[in-house]
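*Asks:* following is a predicted model, sequence given first.
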Amino acid sequence: MTEMVYGSMPSRVSEPVIPRWWRTIDKWSLTAVLVLFAIGLLLGLAASVPLAERNGLDPYYYVTRQAFFGGMALAAIFGVSMLSPAMVRRLGVLGFALSFFALMMLPIFGTDFGKGAIRWFSFGFASVQPSEFLKPGFMVVIAWLTASSQDLNGPPGKFISFALTVTVVLFLAFQPDFGQAMLVLFGWGVIYFVSGAPMILIVTVMGLTGVGGFAAYHSSEHFARRIDGFLNSDVDPRSQMGYATSAIQEGGFFGVGVGEGQVKWTLPDAHTDFIIAVAAEEYGLVLVLVIIALYATVVVRSLIRLTRERDPFTRLAGTGLACIFGVQAMINMGVAVRLLPAKGMTLPFVSYGGSSVIAAGITVGMLLAMTRARPQGEMADLFRRGR
Amino acid sequence: MTRTPLRPLARILNARQKGENPDSIERENLRLRHEVMRDKSRGSAQLRLVVLALSFFGAFTLIGARMGTIAASEPVEPRTASAGTEIDAGRADIVDRNGRILATNMLTHALYVQTRDLIDPARVAKELAAIFPDLDEKTLLRRFTDGRSFLWVRKVLSPEQMQQVHEIGDPGLLFGPREMRLYPNGTLAAHVLGGSSFGAEGVNSAEVIGTAGLEKFEDARLRDPAQAGTPLVTSLDITVQAAVEDVLASGITMMNAKGGAAILMDVNTGEIVALAAGPTFDPNDRPANPTSGDPSDSPLFNRAVQGVYELGSTFKIFAASQAIELGLVTPETLVDANAPMYYGKFKINEFEGHNYGPMLSVSDIIAKSSNVGTAHIAMMIGGERQQAFLKSLGLFDASPVELVEAKGAKPLRPARWPEIVTITAAYGHGISGSPLNLAAAYASIANGGIKVTPTLLKRTEPMQGPRILSKAVALQAVGMMRRVVTEGTASLGDVPGYAVAGKTGTAEKTRKGGGYIKDKVVNTFASVFPANDPKYVLVVTLDEPSENTGSKPRRTAGWTAVPVAAEIIRRAAPLLGLRPQVEAASLDGLVAVKN
């Protein structure tokens, strides 16, 4: 009675955070990411031992480190995916500002670890690669700018985002890190595409690329030879590519057996750029197909879920994040099977690397935050249809 | 679509009357419009997202399929040998007309380094530098250690060097077998053979490609695996070639010439039995092509084929024989030869201002080399017929001989052909050709009037070319040339027993911008022997000679090219199997010892 007269006791209007998170999260993608992470640890056990031995460290030194960074990455996934899109946007913009500043400071304070490109800040016990952290924040900023330009009387977000992209690409190319630069450019292109790039522009760009490539192929013998050589020549068995190819062949369908692989002893980048070759050799085509399927699941499911999203920012940010995640994996594996020219790019969650795995965690966390199920006003649509 | 105005007047007025804020109407309309816009963009975004998802799915499927095909294929052992197509190294030998080797292959080794297998790079660099003095120890060490895994050190090794490298004993030093092109006769026939170098190189073999001369012209034939076992038989005769080169080289020195050329050709088959040019070079160690300066200063320059010179009075015989062929004159016909002759503003002189006139027989015009007489003969023939005849002799086109250099040496002739050109061309001025062009033209006259195509490959049958002169006229032409030697300008060219016939030619060299250089001449002697039954044509050309034994330098062919040609004939004719024709008179006082 009292309640009927005075109203109910103050109680929570919304659901508790974690149950709601569990109810709305894309459980398939989350599972896929966790499995990928587990595979990464498994392969790290195989691939990083030779490196540790070469550097005179404990055999499982890198595995332990990877597990530690992986823990941070998992925390990032869970933490970030619980945020609302608006919160992701705020933090993302801050994160972008911070990492972009760090990127600009690289030429002054950075180190190249003797690899010829200044990409890292070294803190003694660990090193940080700002360009890895830049990517998720950058996608959020681009999505925000592009979405805001779709508001009536909104700012010229598309132009600003393009200018920002060019700046970032120039900074990355200056390191030089053309792989990341291409990735950033691709992310912007995808967001621009989904935000409604004019069809004429897309067709023109594709046409020009096609015509240009065709013309170059037919007019320049040198270019044609490069292309032909890339497409069908026998690979030199003593190059990195040759080792990777023969590792995949050795592995066959079911692999040579755990710990029996040879390629990890010969390839210097077996634990990062060519981890897929280690997987193929020791566990065979089966595991490789599983890995590919997991990446495909995350990307394709996220994109399909985003088709239902009404909020432009959420939609665009989700698209950008899913695409850079997927493309990075695609490039890494495409190189190993010689579909793409050699380009140093890590396989998210699977390759060894602290910055890489934590940044991938943040990326996926943000992506999951964007693809969470939300009321999308479907009922209103139904009603409107009657009008 | 009808566009709702943001502030519909009726509603605004209505709201004002009711005392409501009209701005809220605008805001509401704005919101609705925005919603429509968003719906529209969402529609296109949905489609594009599906496209993206499909392309990602396609790309991942492609990678998976590719992984599958690679995994299904058989692994290839990483071989230490080179992968890819084997390089075909077989190259046919080149031999002379009697099967003696001019160019062959020798098995040798190339030296390369697998730097990752080097045990002690510093020691290897030091010892290699000691074996090969042209290698620098520091450069070698830097190359061994700068991260590359593979390095060529030498393209060919001598057996001694190979043994010394073996003795270094480092596993990173490796040998690749090589077929090396070898010219066992050194400089002999260098300008004919040209040279060769390595093309595509692999660890196991390297292809040898021709870079000049016959080697380049016949490159496809020499590399053809089907014919690798059959040597390429040339028309050269090594012994004759050696004699010709020997005499030419000393002739160039004696006559203080810059260079020279000599071509000995069989008049019936067009085969070039010897072709020499000086200065010469060693094709085993072919010098680099000159990148600056005059290409004719390089020893690589083949004066016999590439040297396009005004060949001077040697052309007079063409005018004389054509006029006889056309029935305009006979060798005995008297022709106006009163010098100097004036044609318009041009003045035509004889050599050193002589006047052989007022009238000379055609035969004397040739013997004395009268410019004026030849000019009058040419005017009888006329430009049209003259051009057609010179063209039929092959003097307007690059020589078709089997040397790559020949294509680039096209004879030079004036674009237009007024009568003054008819006159000067008749005595070989204002028209240029190579000594080889001249040799072929003389062979065409000497063999009785059948056109000759020169060749460096052995021919077994006489030429079947078109007839350009009747046999009788050709014989008369040779007879006139014989008089040049017996009583004319080439008196130093007589070789006892080998009735030499021929025609001298002296032309001043042309300046680049036009005009002639007084002291720089090209002397040519085109000879035919034996005159009674011509078998061979010999053309000797000397570039800027000067015979200095007299009180003043003599620069006429009769003093320079002719003695050289005579010496060549003296030495080469017996080698060619020609018996000296001893006059019967010398037998008169003898009685045959017979019983």
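*Replies:* The structure has been received and is ready for your questions. Residues are numbered from 1 along each chain as shown, chains lettered A, B, ... in the order given.
*Asks:* so where's chain A shaky on pLDDT?
*Replies:* Within chain A, the ranges that satisfy pLDDT under 70 run A:1-4, A:7-14, A:113-116, A:124-125, A:220-239, A:342-343, A:384-387.
*Asks:* quick check, central residue of it?
*Replies:* The centre of chain A sits closest to residue A:325, judged by CA atoms, centre = their mean, with a distance of 2.3 Å.
*Asks:* any idea how far it lies from chain B?
*Replies:* For residue A:325, the distance to chain B equals 10 Å [CB to the nearest CB, to the nearest Å]. The C-beta positions use only the backbone N, C-alpha and C, and glycine is treated the same way.
*Asks:* part of a helix, is that residue?
*Replies:* Yes: per DSSP: H, G, I helix; E, B strand; the rest coil, residue A:325 lies within a helix segment.
*Asks:* do I have it right that it meets residue A:298?
*Replies:* Yes: Residue A:325 is within contact range of residue A:298, at 6.8 Å (criterion: CB atoms under 8 Å).
*Asks:* for the longest helix belonging to chain A, packing partners?
*Replies:* Using DSSP state H, we find that the single longest helix of chain A is helix A:275-306. If you count contacts as 3 or more CB pairs under 8 Å, 6 or more residues apart in numbering or on different chains; DSSP states H and E, helix A:275-306 packs onto helix A:27-54, helix A:240-251, helix A:263-266, helix A:312-336, helix A:354-370, helix B:23-72.
*Asks:* now those as a markdown table including distance to residue B:91?
*Replies:* Supplementary listing: those in a markdown table, determined by distance: least, CB to CB, whole Å:
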| stretch | distance to residue B:91 |
| --- | --- |
| helix A:27-54 | 48 |
| helix A:240-251 | 32 |
| helix A:263-266 | 39 |
| helix A:312-336 | 41 |
| helix A:354-370 | 55 |
| helix B:23-72 | 39 |
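*Asks:* so which of those helices is nearest residue A:378?
*Replies:* Counting by CB to CB, residue A:378 lies closest to helix B:23-72 out of the helices and strands packed on helix A:275-306; the figure is 12.4 Å.
*Asks:* just confirm yes or no for the closest one near chain A.
*Replies:* Yes: contact of helix B:23-72 with chain A is found when judged by CB under 8 Å from any CB of the partner chain, involving B:30, B:33-34, B:37-38, B:41-42, B:44-46, B:48-50, B:52-53, B:56-57, B:59-64, B:66-68, B:70-72.
*Asks:* now that helix against helix A:275-306, angle please.
*Replies:* 150 degrees (axes from the mean of the first three to the mean of the last three CA atoms, to 10 degrees).
*Asks:* enumerate the residues of the stretch 251-387 of chain A near chain B.
*Replies:* A:251-253, A:280, A:284-285, A:288-289, A:292-293, A:295-296, A:299-300, A:303-304, A:306-307, A:310, A:312, A:315, A:319, A:323, A:326, A:330, A:333-334, A:337-339.
*Asks:* how about 7 Å then?
*Replies:* With CB under 7 Å from any CB of the partner chain as the criterion, the stretch 251-387 of chain A comes near chain B at residues A:251-253, A:280, A:285, A:288-289, A:292, A:295-296, A:299-300, A:303-304, A:306-307, A:310, A:312, A:315, A:319, A:323, A:326, A:330, A:333-334, A:337, A:339.
*Asks:* which of those are buried, as a PyMOL select command?
*Replies:* Only the buried members of those end up in this PyMOL selection, burial being decided by 16 or more other CB atoms under 10 Å in any protein chain shown:
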select buried, chain A and resi 251+252+280+285+288+289+292+295+296+299+300+303+304+306+307+310+312+315+319+323+326+330+333+334+337+339
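*Asks:* for the stretch 101-250 of chain A, just list every one of the strands.
*Replies:* A:121-122, A:127-128 (DSSP state E, counting those that start in this stretch).
*Asks:* list the residues that contact residue 252.
*Replies:* Since no chain was named, I'll use chain A. The contact partners of residue A:252, by CB atoms under 7 Å, 6 or more residues apart in numbering or on different chains, come to A:284, A:285, B:71.
*Asks:* that's the other chain; I wanted chain B
*Replies:* B:259, B:260, B:278, B:542.
*Asks:* beta partners for the last one?
*Replies:* Under the criterion DSSP bridges, residue B:542 forms beta bridges with residue B:260, residue B:523.
*Asks:* distance check, it against residue B:519.
*Replies:* Computed as CB to CB, to the nearest Å, the residue B:542 to residue B:519 distance reads 14 Å.
*Asks:* so where does residue B:210 fall, helix or strand?
*Replies:* Per DSSP states H and E, residue B:210 falls inside strand B:206-212.
*Asks:* who's in contact with that strand?
*Replies:* Strand B:206-212 is touched from outside by B:87-89, B:91, B:178-179, B:181, B:194-200, B:216, B:219, B:222, B:404, with contacts defined as CB under 7 Å, 6+ apart.
*Asks:* make sure residue B:198 is indeed in a helix.
*Replies:* No: assignment of residue B:198 by three-state DSSP gives strand, placing it outside any helix.
*Asks:* what does chain B put close to chain A?
*Replies:* Residues of chain B lying close to chain A (CB under 7 Å from any CB) are B:30, B:33-34, B:38, B:41-42, B:44-46, B:48-50, B:52-53, B:56-57, B:59-60, B:62-64, B:66-68, B:70-71, B:73-76, B:78-79, B:83-84.
*Asks:* tell me the mean pLDDT over stretch B:518-530?
*Replies:* Stretch B:518-530 carries an average pLDDT of 89.
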